[in-house]
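Asks: Below are the sequence and a predicted model for it; my questions follow.
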Amino acid sequence: MASPDASPSHESLSPSPSSRRRFLQAVVGGGATAGAALSAAGCDSAGGIAENESPTASFSHEAGEVSDDGTVMVTFDASGSEDPDGNIANYSWDFGGPGERVDLGEDGQPDSSSPTAEFQYERSGVYEVRLVVSDPRGGVARTTREIAVGNVDTGEGDVPIDLSTDLGVLNYAYALEQLEAAFYARVMEEGTFSGSDEAVISDIAAHEDIHRLTLEATLQSAAIRDLTPNFSDVNFSSASNVLATAQTFETLGVSAYNGAADLLSSGAFLGAAGSIVSVEARHAAAVRDLTDPLENFFSGPFAIDGAPAIDDDGLYEARDPREVLDAAAPYIEESFDVQGG
């Protein structure tokens, strides 16, 4: 066993063969100074193995406009990443959402040595993007952050509703379903009804919550924030007052879906909306029956402005989204910024 004072072996101080080779290549092939060549070879000024300094990872992004099909192109730039004792050799991205990378080479693969990348997201949303950079000697750095892409609710200011896209229309429906689900949950909590009336309201409450959850799952990270209901003007100890409010919401909901149908371009979304509105119409009829059994059952003056819900042509009213949100405004704390439509 060597004594503590023993000198280290020659091999422990000498650069590895690969380091010597990089040194010679740097001097002979590139005309570099000896100091620069040593650094490129991973050696210190004395010819020993230099300690590698890890790089740092950083990126910026710029999102384009939402296209007609709802996709959004985003350009990423990681040129702010640095390596103190060399250069970044590799950039690896995880864009955190559905879509495809478009800056591909002839071989169909991205250039991992390029600090820039382009990714086309399938839809608006908030995505967690991860960048990993590495230097030629194996040093690695990572950074992760959330980015908002397209027309999304950041949780600050007015709630954005963009009626020019299918996801925006779904968010409009999601806002109304949030309101209805919160209302019926409160009714059940307060115990306003009993017996067969309670059974009807319980079914409606379950349906509205399913509608809310379905839209939330469809929208994913593009969903607007959880809204704050305001039921201060509702007397939950009065069955008649609760039913009048329920009738307002149900009539409003049906007219909202009818009025937004032509804003949807996806046949799948349109079919889903048609399924929901048919259930909402049954709710409206059920609430009317509880309010005034078998009187004005189909076309009584239960619309928001007192007009018949079903017109002389046998068609249920269709209301403009802005008109609907204005009617719902007293029951929601947040304000809306409606665009398009």
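Replies: Nice, thanks for sending it over. Numbers count the residues shown, from 1 in each chain.
Asks: from here on, contacts and neighbour counts on C-alpha atoms
Replies: Noted.
Asks: How about the backbone phi and psi for Thr56?
Replies: The phi/psi pair for Thr56 (degrees, to the nearest 10) reads phi -120, psi 140.
Asks: Apologies, that question was intended for Ser265.
Replies: The phi/psi pair for Ser265 (degrees, to the nearest 10) reads phi -100, psi -20.
Asks: again with Gly105
Replies: Dihedral angles for Gly105 - degrees, to the nearest 10 - are phi -80, psi -180.
Asks: Quick check, pLDDT for it.
Replies: For Gly105, the pLDDT comes out at 88.
Asks: again, but for Pro17
Replies: What the model reports for Pro17 is a pLDDT of 53.
Asks: ok, now Val72?
Replies: You'll see Val72 listed with a pLDDT of 94.
Asks: partners of it in the sheet?
Replies: Tyr121 (DSSP bridges).
Asks: let's have the chain start at 27 instead
Replies: Done: numbering now begins at 27, and the last item shifts to Val98.
Asks: got a list of what Asp179 touches?
Replies: When contacts are counted by C-alpha atoms under 8 Å, 6 or more residues apart in numbering, Asp179 touches 185-186, 248-251.
Asks: before we move on, which element is it in?
Replies: Here Asp179, judged by DSSP states H and E, is contained in no helix and no strand.
Asks: any idea how this protein splits into domains?
Replies: Following automatic domain parsing, one finds the domains of the chain at 40-77, 86-175, 185-365.
Asks: Adding mean neighbour count, write those out as TSV.
Replies: Below are the domains of the chain laid out as TSV (neighbours: other C-alpha atoms under 10 Å):
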stretch	mean neighbour count
domain 40-77	17
domain 86-175	17
domain 185-365	18
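Asks: For those domains, which has the smallest mean pLDDT value?
Replies: Among the domains of the chain, domain 40-77 carries the lowest mean pLDDT, at a mean of 51.
Asks: Figure out how far the host helix or strand of Glu203 is from the centre of its chain.
Replies: Assigned by DSSP H and E, Glu203 falls within helix 192-216. Computed by C-alpha atoms, centre = their mean, to the nearest Å, the chain-centroid distance of helix 192-216 equals 19 Å.
Asks: same thing with stretch 175-189?
Replies: 10 Å.
Asks: That one: end-to-end distance?
Replies: End-to-end distance of stretch 175-189 (C-alpha to C-alpha, to the nearest Å): 16 Å.
Asks: now for the contacts of Asp179, which pair is the farthest apart?
Replies: Val185 and Ala248 (12.1 Å; C-alpha to C-alpha).
Asks: The stretch 227-367 of the chain: helices as residue ranges?
Replies: Applying DSSP state H, counting those that start in this stretch to the stretch 227-367 of the chain gives helices spanning 265-286, 293-317, 347-354.
Asks: Export those to CSV and append columns for distance to His87.
Replies: Converted to CSV, these look like this (distance: least, C-alpha to C-alpha, whole Å):
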stretch, distance to His87
helix 265-286, 33
helix 293-317, 31
helix 347-354, 33
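Asks: and Glu234, what is it in contact with?
Replies: 203, 206-207, 210.
Asks: For His237, state which of those is nearest.
Replies: Taking C-alpha to C-alpha as the measure, His237 lies nearest Glu203 of the contacts of Glu234, at 6.5 Å.
Asks: Tell me the bridge partners for Arg127.
Replies: Going by DSSP bridges, Arg127 is paired in beta bridges with Phe145.
Asks: actually Tyr117, not the one I typed
Replies: Val159.
Asks: got a list of what it touches?
Replies: Counting by C-alpha under 8 Å, 6+ apart, Tyr117 has contacts 138-141, 157-160.
Asks: One more: Ser228?
Replies: Applying C-alpha under 8 Å, 6+ apart to Ser228 gives the contacts 210, 214.
Asks: can I assume Thr170 sits in a strand?
Replies: Yes: assessed with DSSP: H, G, I helix; E, B strand; the rest coil, Thr170 lies in a strand.
Asks: nearest residue to it other than its sequence neighbours?
Replies: Leaving aside its sequence neighbours, Thr170 sits nearest to Arg156 (C-alpha to C-alpha, 6 or more residues apart in numbering; 4.4 Å).
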